[in-house]
Each structure stands twice: as structure tokens, then as C-alpha cells.
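1. Okay, sequence plus prediction incoming.
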Amino acid sequence: MHTDQRYIEALRNNDSVLLSEIYRKYAPSIEAYLKSKGAGTEECGDIFQESLIDIFKLAADGKFVLTCPFEAFLLLICKRKWINLLKKKSRSGVTKSLDEGYHYLEDGTEEEAAVHARQLEQEQLVMELLEQLSERCREIIRASYLSDSQQKLAEQLGVSYAYLRKKKSICMSELIELVNHNRTE
Amino acid sequence: MNFYEQIEAYLSDTLSPAERADFERQLAQDPQIKKAYEDWLYTEAIVQKHEAAEQQVPQLRALLEPLTREHFNEKPMVAHRSGRVRKLMLAAVAVAAILLLFIFTPASVDRYPLAPMPNVVVRGATDQGKQGGQLFNDQQYQAALPYLKAAAASDPGDVMAAFYYGVCLLKTEAPVVALPIFEQLLQSSSAYQEDSYFFAALCAYKTGNQELAQKYAAAVPRNNIYYKNAQRILKKLK
């Protein structure tokens, strides 16, 4: 575990002192980096904030262990968000990765950060694929993880408990197949 | 019952003891069922985590938004009203002079773009890094040096202070001292990592270490703002 794990915990615990420290320490350099790649100030702020929220979601269950400096991980997420934003905007000459041509000399940190970023992307993929299911499936899957009792949930949805369970297994199988089809290792 | 229904029944604890034992036996023996079971657990854990996290995002966002506004705002330029036209004229003359200098001066390795040190004009800023940064941005490199040195020494994790201290050393003709700073930075995975390859190359070039200069200059990525400057170093080394 890296000593910067405290920033992960700060995101999980809404620790305003440490959150300020994250901005004070990393916002200027990451903003300068993103601006050097063509981002505007507002875009830099949005990317920085949304990257922190993504890291929070990844670590929300308390199981995530940071193995590299927080800045390296945050920078990588910000970089990838900027690439995705450029792709969406379809600006010219942005089909290449910002990392292209980047020769790392001896930096295991970058690899560790990339492992974390890959985990985040895989998890985001699952959530994106969930959106592709039917509205009923999304409702059943989502509600089943937020409800204390499946029987109460069946009542709330106005269906029988047996139907709810059968429908959930069908919806989960659809989601699992989508995930397996789209997964990249 | 297909195996997804079996998995659901197993996890919701609705199988009879005999069915449960039978399912566990299949799980141990059938790779297809085992894979489906693991995929279910993997997918379920992610959905559960992200759905629960989503409920807490508004609270976190409420904390982050003021910080984002504070740290990512366009700093207004200081406007001096008196003699504005005269100053604009002077600025135009200065720009023209710089352009002429660039046109008639042969390409030099010392001609490289330099972004001002960010976030130095902050209300009540008194720390070493910000004072050094203000002097640096005013191109008072010699005066900025002790402040940036102190800022970099006081916090080894402050890569921005280290980077601008390194550039300051380079500007004050101390590339030997600057080189190890950039070598450290190019291993830091920070926002200054890419740029540090160029500055390390420039330090090595200025200290006559051609091999090292070549190695670092060649590592500057094509999409980096210093790529052309790095190529210039490589050309001079040929």
C-alpha cells in the first residue's frame, strides 16, 4: 500500500482538509499538463473533478489498495479523460494516444498506475453495459443491490418473488454476456 | 433451471439442502458453471459498489465543486489604466523586436517555450514556492533561485517547485546542478515527466554529455511541446 492511500480514504470519507490538499498539490501541475495538450481552464477543472469522482467510485467499497503515488494515478485518469473528450469532439489529429511515442526509462510507477486505470475502465465498462439492458432489467438489477429484502422489492415492483428472481437471473445473464463480449484484457 | 437460475437461487439461499449440495458439486466439477458463477460474482460486486457509490456522489461533488472553482479559474490579468495606450505601444514594439531577433538569429537550443509557473498569484500567498514563482514569471531567475530551491527542498513531493527550480538553474547557467533534478522528475510520473526529458537533454547537451543528451532528447514524445526543440538538439549532436 502506498502512503498516498490517505487521499483515497479522504475521497471515501469526504475529508475536506485532505481534499483541499489534493487540489493544492496536484491541480496546478495537472492543469499545466492538460493545457499543454490543448485543454481550456474549464475543461481542466471538469476533468480533474470527474477523475476524483471516478477514483472515489473505484474505491467506494474500501477494498481498493493504491500501489503507486496518487498523482501518477490521477494524472493517468485525467489524461485518458482528455483523450476521450478529444475523440468526442473529433478534433483533428487526436486519434493518437497522448502517450504515443512516450518512452519510459525506468518507471514501474506508471505500470502500477496503468493497472489501477485498467481496473477502473473495466468497472466503468460494466456500468456502461448495464445501461444497454432493457429498462426493466436495469431497474431490477439496480434495485436488488439497494434493497434490503428481495421479497419487499418484489412487492414494490408489483411482481411475484419467483418472477423477480427469474427475471433477475435472465437480466444478469444478459449483462454477463455483454461484459464477456466487450471485455478487453 | 438453467445455471444462471441455479446461481441466483444458490446466492439467495433458496435451494433445498440436496439441491445446494448438488450445485456445489457441479461448481467444483464443471468449468462452465464455475466460470458463470465467477462472472456473476464479479459483475454483481461492481454493480453493487458503483450503485452504492452513486448515492454518495452528490455529497462528494458538493465538496469538490468549490475547490474546482477556486483552483481552476482564469486569473484576471492585472490591468493598469494609466498610460495604457503607451504600454500597448511599448508591448507591440517589444513583440516586434523579439520576432526580428527570432527571424535573424539562427536556431539555438536555448530557444524554447516556457509556460509561466502556475498558481503563483494567490491572495495572501507568502510561501517560498509562490514568491519564487512570481520572480520566475517576471524572468528574475537569479532572484527566484533561492526561493524555488527552498520550496523544492521543503517538500520532495512538490514536483512543480522542483521543475521550475531546475529550469531556473538552467536559466542561470547551472546545468550540472539542474540535470539530476530533471533526471529525478522524468521518473516521477508527474505532469512534468514528459517535459523533463527535454530539459534533461538540454542540461546534458550543455554539459557536453552527448550520449545522455541523445538518450533524453530521443525520449521526448512527438506530441510534447518540446519535441521540435529536442529534435534540434539531436540535429546538433549529429
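-> Ah, there it is.

2. make it CA atoms for all contacts and neighbour counts henceforth
-> Fine.

3. How is chain B divided into domains?
-> B:3-71, B:126-237 (automatic domain parsing).

4. Packed most tightly, which of the ones you listed would that be?
-> Among these, the stretch with the highest mean neighbour count (mean count of other C-alpha atoms under 10 Å in any protein chain shown) is domain B:126-237, at a mean of 21.

5. And chain A, is it touching that?
-> Yes. Using C-alpha under 8 Å from any C-alpha of the partner chain, domain B:126-237 reaches chain A at B:158, B:160, B:187-192, B:194, B:219-225.

6. farthest-separated two in these?
-> Using C-alpha to C-alpha, the residues of domain B:126-237 next to chain A span at most 26.4 Å, a distance reached by B:Asp158 and B:Arg222.

7. Could you export the domains of chain B as a markdown table, including mean pLDDT?
-> Below are those laid out as a markdown table (pLDDT from 0 to 100):
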| stretch | mean pLDDT |
| --- | --- |
| domain B:3-71 | 90 |
| domain B:126-237 | 86 |
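
8. and of the ones you listed, who's closest to A:Val179?
-> The nearest among the domains of chain B, by C-alpha to C-alpha, is domain B:3-71 at 8.2 Å.

9. Now do the end-to-end distance for that closest one.
-> With C-alpha to C-alpha, to the nearest Å applied, domain B:3-71 spans 53 Å between its terminal residues.

10. Check whether it comes into contact with chain A.
-> Yes. Using C-alpha under 8 Å from any C-alpha, domain B:3-71 reaches chain A at B:4-5, B:7-9, B:39-40, B:43, B:46-54, B:57, B:59-61, B:63-65, B:67-69, B:71.

11. In helices, which of these fall?
-> B:4-5, B:7-9, B:39-40, B:43, B:46-54, B:57, B:59-61, B:63-65, B:67-69, B:71 (DSSP state H).

12. In chain B, what residue lies closest to chain A?
-> Distances between chain B and chain A by C-alpha to the nearest C-alpha are smallest at B:Pro221, namely 4.7 Å.

13. Spatially central residue in chain B, please.
-> Nearest to the mean C-alpha position of chain B, by C-alpha atoms, centre = their mean, lies B:Ala191 at 1.6 Å.

14. quick one: contacts for it?
-> The contact partners of B:Ala191, taken as C-alpha atoms under 8 Å, 6 or more residues apart in numbering or on different chains, are A:29-30, A:32-33, A:75.

15. Helices along chain A, start to end?
-> A:5-13, A:16-36, A:41-59, A:70-89, A:108-130, A:135-146, A:150-157, A:161-182.

16. looking at those, which is buried most?
-> Using mean count of other C-alpha under 10 Å, helix A:41-59 ranks as the most buried of these, with a mean of 21.

17. all helices of chain B, in order?
-> B:3-11, B:17-29, B:31-71, B:84-104, B:128-137, B:141-154, B:159-171, B:175-185, B:193-206, B:210-218, B:227-237.

18. The second one packs against which elements?
-> Okay, so that is helix B:17-29. Applying 3 or more C-alpha pairs under 8 Å, 6 or more residues apart in numbering or on different chains; DSSP states H and E, one finds that helix B:17-29 makes contact with helix B:3-11, helix B:31-71.

19. what's in contact with that helix?
-> For helix B:17-29, the external contacting residues (C-alpha under 8 Å, 6+ apart) are B:6, B:10, B:33-34, B:37.

20. Now with 6 Å, please.
-> Outside helix B:17-29, the residues that touch it by C-alpha atoms under 6 Å, 6 or more residues apart in numbering or on different chains are B:33-34.

21. between the helices and strands packed on helix B:17-29, which gets nearest to A:Asp54?
-> helix B:31-71 (9.6 Å).

22. and that closest one, how far out from the chain's middle?
-> Centroid separation for helix B:31-71 versus its chain: 26 Å, with C-alpha atoms, centre = their mean, to the nearest Å.
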